[in-house]
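Visitor: Need a 3D model of the sequence below.
(one chain, ligands or ions: 2)
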Amino acid sequence: VKKVKKKKVLLMGKSGSGKSSMRSIIFSNYLARDTRRLDEDGEGDMALRAAGSSLTEVAHDSGATIDIDLSHVKFLGNLTLNLWDCGGQEAFMENYLSQQRMHVFSNVGVLIYVFDVESRDVDRDMATYISVISALIQYSPTAKVFVLVHKMDLILSAQRESIFEDRVKLVRQKTAECVASAGVGLPTLPSGEVDITAFATSIWDQSLYKAWASIIHDLVPNLALIETNIGHLGRLIEAEEIQLFERTSFLVVSNWCSPVGALNPFEDRYERMSNILKSFKSSLAKYSGTPRNAEQFRDFEYKSGTRFSLFITKFTTNTYILVALPPGEARYNAARL
Ligand code: GTP
Ligand code: MG
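Guide: Residues are numbered from 1 along each chain as shown. Ligands and ions are numbered 1, 2, ... in the order given. Here you go, the predicted structure:
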C-alpha cells in the first residue's frame, strides 16, 4: 500500500485576482465563462451573501472567497493536494498574517501567489506579497514559490512580454531583499538567486494549463520513473510522441518525443491539448446532461494515411494517454493492442 502524501498548497493574492477561478477551471471542470462574478465588485458579493437572497447559490458559486476554502485534490492516485484557496480581501489577509499566521504558513510545500496584472496599485500589491513571503520564510523556509501574473488577456498582446518581465523583475528583487533582511530561507538556484518560477497566465487561453502543469510537475512523486517508462513504451510501439494526462484536470503529467517527434514545431501543444480536451469533456457532459465531474470521454482517434495517426484513450485509473504515430494501419493496431 502506497503512503498517501499530503502537501499543503497555498493559493494567495489580492481579492479578485482570479485564484478561485483558476482553481475551479483546473480542478472542477469549470469553463472560463462560468467564473464571471455576478457583480465584479467583491463587496457586492459579500452584501448579496449577507442578505441571504435566493441568489446566494449563484453568489457562492462565483463570488469572493470567504476566509479559506480548503480542498483535497486527489492526483494520480497517491498524491493528495491540500489546496488552501485563501480569500484575498484585506480583512482576511490581515488575519492570516497575524492571528492565523502559524496555522496558515506552517507546513507549506508550495505557495502560488497570483498578481492581477490590471491592478492599479502595484506598490500595495507588492507590500502584501512581501508580508506573505516574510511569513512563509518564518514558518516554511523550504517552500517553493510560484508567481502568476494573471489576467494577461486584458493587456494588448504587443505589451504582454515587457509588462510580464518588468513585473517579475520587481517581484524577484523584492523577494531577494526580504530574504536578505530575514537572513534565512527559501530555496535558491545555483546562481544564489531565490528560486521563483513565474508564469504569465489567463483563464481565456492555455497559459493557465502550462503554469499548473509545471506546479504539479514539482509535486508528483516518482515522476522520473514514470518518464523513463513512458520512454520505453514510446520506443516499443514506435511512437513519435506520447503525452500523459491526469484524469480529471487533464494537466500533462509527462511527455516523451522520439527524435522525429522532437522536430514538431507546434508550440504550446501540451497545454493546448489540455485545454481542448477539457472543453471537449465539458461539452460532452453538457449534452448528455450529466454532472460536471462525470466521466464521459473514453476514446478519440484520428488516422491519416499520409500524415500521422493519433489516439487518446484511458490508460491507467488516473491517466489518459495520447499517442502520435507515423502513418500505417499495422503500427497503429499494434500500438492500440
Ligand atoms: P477572492 O476570493 O476575493 O480572493 O478573489 P479571487 O482571487 O478568488 O478571484 P475570483 O477567482 O473570484 O475572480 C474574480 C473575477 O476575475 C471573476 O469575475 C473572474 O471571471 C475574473 N477572472 C479570473 N481570471 C481571469 C483572467 O484570466 N482574465 C480575466 N479577464 N478575468 C479573469
Ligand atoms: Mg476566491
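
Visitor: beta partners for Ser309?
Guide: For Ser309, the beta-bridge partners are Lys303, Leu325 (DSSP bridges).

Visitor: could you point out where the stretch 201-337 of the chain is predicted with low confidence?
Guide: Low-confidence segments of the stretch 201-337 of the chain (pLDDT under 70): 288-296.

Visitor: for the residue of the stretch 51-200 of the chain found nearest ligand 2, phi and psi?
Guide: Here the stretch 51-200 of the chain gets closest to ligand 2 at one residue, Thr65, 3.0 Å apart by C-beta to the ion. All C-beta atoms are positioned from the backbone trio N, CA, C, and that covers glycine. For Thr65, the backbone dihedrals are phi -80, psi 130 (criterion: degrees, to the nearest 10).

Visitor: residue contacts, the closest residue to it other than its chain neighbours?
Guide: Closest residue in space to Thr65, ignoring its immediate chain neighbours: Gly87 at 3.6 Å, by C-beta to C-beta, 6 or more residues apart in numbering. Neighbouring residues of Gly87 by C-beta atoms under 8 Å, 6 or more residues apart in numbering: Ser15, Ala64, Thr65, Ile66, Asp67, Ile68, Asp69.

Visitor: if we go to 7 Å?
Guide: Ser15, Ala64, Thr65, Ile66, Asp67, Ile68 (C-beta atoms under 7 Å, 6 or more residues apart in numbering).

Visitor: I'd like to know which of these are buried.
Guide: The neighbour-count test (16 or more other C-beta atoms under 10 Å) marks Ser15, Ala64, Thr65, Ile68 as buried among those.

Visitor: picking up where we left off before, so which of the contacts of Gly87 belong to strands?
Guide: In this view, those that belong to strands under DSSP state E are Ile68.

Visitor: still on that earlier bit, measure the residue of the stretch 51-200 of the chain closest to ligand 2 to Arg23 for me?
Guide: Look at Thr65 and Arg23: by C-beta to C-beta, to the nearest Å, they are 9 Å apart.

Visitor: Helices of the stretch 1-150 of the chain, start to end?
Guide: 19-28, 42-51, 56-62, 90-97, 101-105, 122-139 (DSSP state H, counting those that start in this stretch).
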